[in-house]
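Chemist: Can you look at this prediction? I've put the sequence above it.
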Amino acid sequence: MILEEGSPIMGVNRDKPDLWKADTARSVDMYNEWFINFAPEAFRNTRIRTTKAVEQTLKATGNLTDIRTAILKENPSVLPTLRMSTCPPLAVDRLIGLARVSQNLVHSMEEGKLPPRMPGQELENQLEKISLIIGKMADPDIFVWLNGENKPTRREIYRAATIVADRLCGSVANPIIRNAQEKRQLAGIAAWLEARNYQELPTGDVTKFNAMRAGTFAFRMNVTIEQEGAGKSVNIPIDAVVMPKTAEPGDFPLLIEAKSAGDFTNVNKRRKEEATKIAQLRQTYGQRIRFVLFLCGYFDGSYLGYEAAEGIDWVWEHRIDELAEFGL
């Protein structure tokens, strides 16, 4: 890799492979300790919120006795709850196949919206097919009142809602944990920076990442890059952007990508993502752009070697003070 004049050559961690194995072990221990102590709470809090949302869906559908198309049209986001209310629970593609409806319709509803270009009558017909499948396959072991004449009790409704909420949370367990871990990592970076008198900028306070004042930082900031061969600009999100206190006009801030992982397999499947991002940044801004990873969890020699070969350096969360070695 050829660096422009003035670019850093020595690395903080990428050029020290003799330390990788021990650091990986410490990072795995740190992640596992967090997971045992805090992941259940994050999952439980999400389940509580999800249970309330399921109860609202049950109320809107007459406790699953009246799944009208009007309800699906008014609130398409209820579809995941309805899919998890059947026996067996229906995956998105299985529902599409059984109901013989448009992929676009179901995928849009999963995102809480309806396809804007679908003709009204066609939309009505397809929503009717979905409601018929859900009604026919509603799980009688969960919704025990569906086979009887008695109205469900409050306890029965709550029990059913918690079961469906568990199914919903189980299907998105990894994102729940990942989001909680990212929130914790960014809080750690913020605490480290604020202890050194850096000032956090409010979201949207800066439109260009390289126009930040020295001694400031921001989270989840968009950075514009040029797409090679496409002739257009797009924004890519960066978890943390920090302009060093010693920065001079024209200097770039440090771009930090917070990453955590609970297993080795997924990180090696996705390791090209960072390589693609740094390639796009360098193509747009040159070799002086600085992009580092903030790692906690299962990152082994295979992953680290790949990132190092791409010229990407990193800071281990268990040695967060190494952020100072990047000029912060």
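Modeler: Sure thing, it's come through.
Chemist: alpha carbons only for contacts and neighbour counts from here, please
Modeler: Will do.
Chemist: Just the strands from the stretch 101-250 of the chain, written as ranges.
Modeler: For the stretch 101-250 of the chain, applying DSSP state E, counting those that start in this stretch gives strands covering 199-200, 216-227, 232-243.
Chemist: Roughly how far does Met137 sit from Ala161?
Modeler: Taking C-alpha to C-alpha, to the nearest Å as the measure, Met137 and Ala161 are separated by 17 Å.
Chemist: Settle it for me: which of those two has more neighbours?
Modeler: For Met137 versus Ala161, the count of surrounding residues by other C-alpha atoms under 10 Å is larger for Ala161: 26 against 17.
Chemist: what sits against the more buried one?
Modeler: Neighbour list for Ala161: 51-52, 54-55, 58 [criterion: C-alpha atoms under 8 Å, 6 or more residues apart in numbering].
Chemist: Only the buried subset of these, as a ChimeraX command please.
Modeler: Selection of buried members from the contacts of Ala161 for ChimeraX, criterion 16 or more other C-alpha atoms under 10 Å:
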select :51,54,55,58
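Chemist: Longest helix in this protein, by number of residues?
Modeler: For the chain, the helix with the greatest residue count under DSSP state H is helix 20-60.
Chemist: Can you name every helix or strand that it contacts?
Modeler: Secondary-structure packing of helix 20-60 (3 or more C-alpha pairs under 8 Å, 6 or more residues apart in numbering; DSSP states H and E): helix 154-171, helix 173-194, strand 290-297, helix 301-309.
Chemist: could those be laid out in JSON lines, adding mean pLDDT?
Modeler: Formatted as JSON lines, the helices and strands packed on helix 20-60 follow (pLDDT from 0 to 100):
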{"stretch": "helix 154-171", "mean pLDDT": "86"}
{"stretch": "helix 173-194", "mean pLDDT": "89"}
{"stretch": "strand 290-297", "mean pLDDT": "94"}
{"stretch": "helix 301-309", "mean pLDDT": "92"}
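Chemist: Buried deepest among the ones you listed, which one?
Modeler: strand 290-297 (a mean of 22; mean count of other C-alpha atoms under 10 Å).
Chemist: by contact count, what packs against it?
Modeler: Where contact means 3+ C-alpha pairs under 8 Å, 6+ apart, strand 290-297 is packed against helix 20-60, strand 254-261, strand 313-316.
Chemist: next one: the longest one to chain centre, how far?
Modeler: It stands for helix 20-60. Helix 20-60 sits 13 Å away from the centroid of its parent chain (C-alpha atoms, centre = their mean, to the nearest Å).
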